[in-house]
Every structure is written in C-alpha cells, then in structure tokens.
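Chemist: sequence and predicted structure are below.
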Amino acid sequence: MMRIAFVLVDQMMLTSLTLPLEMWRAADAFWASRERSLRNIEIRLCSVDDASVRTQAGLELRPDQPLPAEPVDLVYLPALWRNPRTALRRGQTLLPWLRQQHAGGALIAAVGTGCALLAETGLLDGKAATTHWYYFDQFSSAYPQVDLKREYFITQAGSLYCAASINALADVTVHLIERLFGRAIAGHVERQFSYEVRRPFEKYRFLAGHNRSHPDELIVEVQLWLEQHYAEPVRLEEVARRFRVAARTLLRRFHKATDETPMQYLQRLRVDTARALLNATNLSISEIADRVGYPDPRQFARVFRARTGIAPREFRATVRAKLFSAVSLRDVVGTDEDRG
C-alpha cells in the first residue's frame, strides 16, 4: 500500500493539492484497467488538529483526519500564498511531525513557498533546495544553512524534494509515479497532464551528490561527443578507443558519474530528440528514425516504446491532439450571409 498524506495549510494554493492528487488517481486508475487489480493507494488529506483551512482561492477544505501518528510513504507540502511566515507561526505542530515522518522513511515533496515549511524543520540544513523565484532572497536570508539552488526548478536531497512551481511539482509527481508504477504508467499520466509543457524530471533537477556537473572530466567529454554524434552508428569499443581508455573502465566511470551506461545515455538522447521531432515537425516516422540514428524504423519503434511506453505514431497523435490551432473570427461566428 502506498500511503500519501497531503498536508492542508491556511492560504495554500489549491492547485498544489489538486494537480498531484489527480495525477496519482489517474495512475491508479490506469493500473487497474491494465492489470485488472488495484494498487491500493491510500490518499489522506490532513491538517494540524484536524482543522479546516481556507485556500487562497477562498474555498474551505476539510481534512479527512489530523496529522497521522503512523508512518506514511509520501508527504506533500503545498504552496503558500505570499509570505509563508504566518503559516509557519501557526504550523509549529507540523514541524516535529515532518521530522518524525522523515525519520520513518517517508518521501517529502514541497512546492514553492511551501518549501519554507520543510526548511523550518532543519531537515534541509546543509542540503540543496529551491523555492519560488519571488521568495529567493527571503528564503536565503531566513535559512542561510540551506544550499539554495536558484537556477534549478527541482532539487532532490535524498528523500526530500523541492519544486519551484506547480508545473515543476507535476514533474516530481511523474517521477514518483514511475518509482511505484513503472515507466509505462508514468508516461500515460505524463501525456494526460500537459505533456507539451512538461520537462523531464531528470534533466531539470539538482540531485545532491549526483548532478550534471559531476567531477569526471573524461566522462563530460564523452557526453559532449555523444550529444554531437548521436545520429551516427556508435559502439562502446570505438568510443573507448577514441578517448584512449579501456571499454570496461569507460563503462564503470560513465555509470558512476551518470548512473547510466554510455549506450543507455545515447538511447535517451535519441529518444528525447525523436519526441521533439514528432511533436514539432511533419517528418515521417522513418525519416525521424533515420535522423536519430536508427536506419531500421522497426528497431526505432521498439526502442521508443520501451523508453516511453507508447509507439511513436501514438505519441504524435496524443501530443498533437492538445495543440491549439488559430482560427479566424470569421470561422467562429460566420458572415452576415451565413447568419441569414
């Protein structure tokens, strides 16, 4: 059972609750339809002392229960409207509960100014974090011991996730859904919730101890070379010879620096490029396959489906169904003749 607790706080942004909640419900429903069984997600809306809260939109939310005494698996902390100091003063009971849940192994995801709730616990001391851009200076002043990453929309420090915006929280949620349900279901949810504006979690996060600016200079050079030559035939042994290192050594160092093998990294580059071409061009599937290094369209389709959970043609149809087209006022309302 996956136990998810959404913490309700006065003056919270309603979308920081409804968006991830609906994404989890969609994932569970898709799993049930595909596997003919429920994944048993348990979602709880909770607040300090079981008290109702009023959102920034003026709607009142009633929790299911007070903060649960038993451990949960995932905690969501909402975005707060404007300065979070008022919520912090009222939420002192929340802080020891968050520390307790963290100690029990819970994942905690905070968004926007709600990241201050997480920082207030001390759990982010010495760790990377981000927050809403408007609150950068205040956050940095209030929590100088936190390593604020202003250039990142997402940070991950162990089991602690910070998202700078609601859109970034959607990225985090897709990532967490993948951890539980797998890539295919995460991809389904991803396509249903604003896929065209979503950016891959792994590309835009800062992961403590494992970020894009790793210290292995050789592997950085290999990555840059692969990014320039992804459309060409590439073999591990040839890459190793080019950079004058044994293939086994290259494999070990590349995986240590990136958590991927060179071929996995190359495959991801090719599929990411193909997704962009499917979205933005009218090139045929065969033409796109050839452009990203797969002369055989059938092999390309197999790799694409393995990476995304969907065939290239289905991907294009799904994404383009969401694109708006411009129509003239005449097309919408008609002419005087049309109206009779």
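Modeler: Happy to help now that I have it. Numbering: from 1, shown residues only.
Chemist: what's the neighbour count on residue 146?
Modeler: Using other C-beta atoms under 10 Å, residue 146 has 26 neighbouring residues. For every residue, glycine as well, the C-beta is placed using N, CA and C.
Chemist: now do it, the pLDDT please.
Modeler: With respect to pLDDT, residue 146 scores 95.
Chemist: residues in contact with it?
Modeler: With contact taken as C-beta atoms under 8 Å, 6 or more residues apart in numbering, residue 146 is in contact with 119, 124-127, 129, 139-140.
Chemist: next, format these as JSON lines and append pLDDT.
Modeler: Listed next are the contacts of residue 146 as JSON lines, based on pLDDT from 0 to 100:
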{"residue": "119", "pLDDT": "94"}
{"residue": "124", "pLDDT": "95"}
{"residue": "125", "pLDDT": "95"}
{"residue": "126", "pLDDT": "93"}
{"residue": "127", "pLDDT": "92"}
{"residue": "129", "pLDDT": "93"}
{"residue": "139", "pLDDT": "93"}
{"residue": "140", "pLDDT": "94"}
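Chemist: whichever of those end up buried, select them in ChimeraX.
Modeler: ChimeraX command restricting those to the buried ones, with burial defined by 16 or more other C-beta atoms under 10 Å:
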select :119,124,127,129,139
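Chemist: quick one: which of the contacts of residue 146 sit in helices?
Modeler: 119, 139-140 (DSSP state H).
Chemist: please, which helix or strand holds the residue nearest to the spatial centre of the chain?
Modeler: In the chain, the C-alpha nearest the mean C-alpha coordinate belongs to residue 171, at 2.0 Å (C-alpha atoms, centre = their mean). In this structure, residue 171 sits in helix 166-181 according to DSSP states H and E.
Chemist: show me what that helix is packed against.
Modeler: Judged by 3 or more C-beta pairs under 8 Å, 6 or more residues apart in numbering; DSSP states H and E, the packing partners of helix 166-181 are helix 15-35, strand 107-111, strand 154-157, strand 160-163, helix 183-192, helix 201-204.
Chemist: what mean pLDDT does that helix have?
Modeler: Across helix 166-181, pLDDT averages out at 89.
Chemist: redo the ones in helices among the contacts of residue 146 as CSV? Include distance to residue 179.
Modeler: CSV is the format used below for the ones in helices among the contacts of residue 146 (distance: C-beta to C-beta, whole Å):
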residue, distance to residue 179
119, 24
139, 27
140, 30
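Chemist: and which of the contacts of residue 146 is nearest residue 164?
Modeler: Proximity of these to residue 164 (C-beta to C-beta) peaks at residue 129, which lies at 9.8 Å.
Chemist: need the contact list for that closest one.
Modeler: 115, 118-119, 143, 146-149, 155, 157, 160, 162.
Chemist: for those, pick the one with the most neighbours.
Modeler: These, ranked by neighbours (other C-beta under 10 Å): first place residue 162, 34 neighbours.
Chemist: so, low pLDDT: which residues of the stretch 1-150 of the chain?
Modeler: 36-39, 82, 90-91 (pLDDT under 70).
Chemist: which stretches of it form strands?
Modeler: In the stretch 1-150 of the chain, the strands defined using DSSP state E, counting those that start in this stretch lie at 2-7, 41-47, 53-54, 60-61, 65-66, 74-77, 107-111, 128-129, 147-148.
Chemist: mind checking how far the third one is from the chain centre?
Modeler: Translated: strand 53-54. 27 Å (C-alpha atoms, centre = their mean, to the nearest Å).
Chemist: who does it pair up with?
Modeler: strand 60-61 (antiparallel) (DSSP bridges).
Chemist: domain map for the chain?
Modeler: Following automatic domain parsing, the chain resolves into domains at 2-207, 217-320.
Chemist: deepest in the core, which of these is it.
Modeler: domain 2-207 (a mean of 19; mean count of other C-beta atoms under 10 Å).
Chemist: for it, the distance to its chain's centre please.
Modeler: Distance, centroid of domain 2-207 to centroid of chain: 11 Å (C-alpha atoms, centre = their mean).
Chemist: ok, now stretch 237-252?
Modeler: With C-alpha atoms, centre = their mean, you get 32 Å for stretch 237-252.
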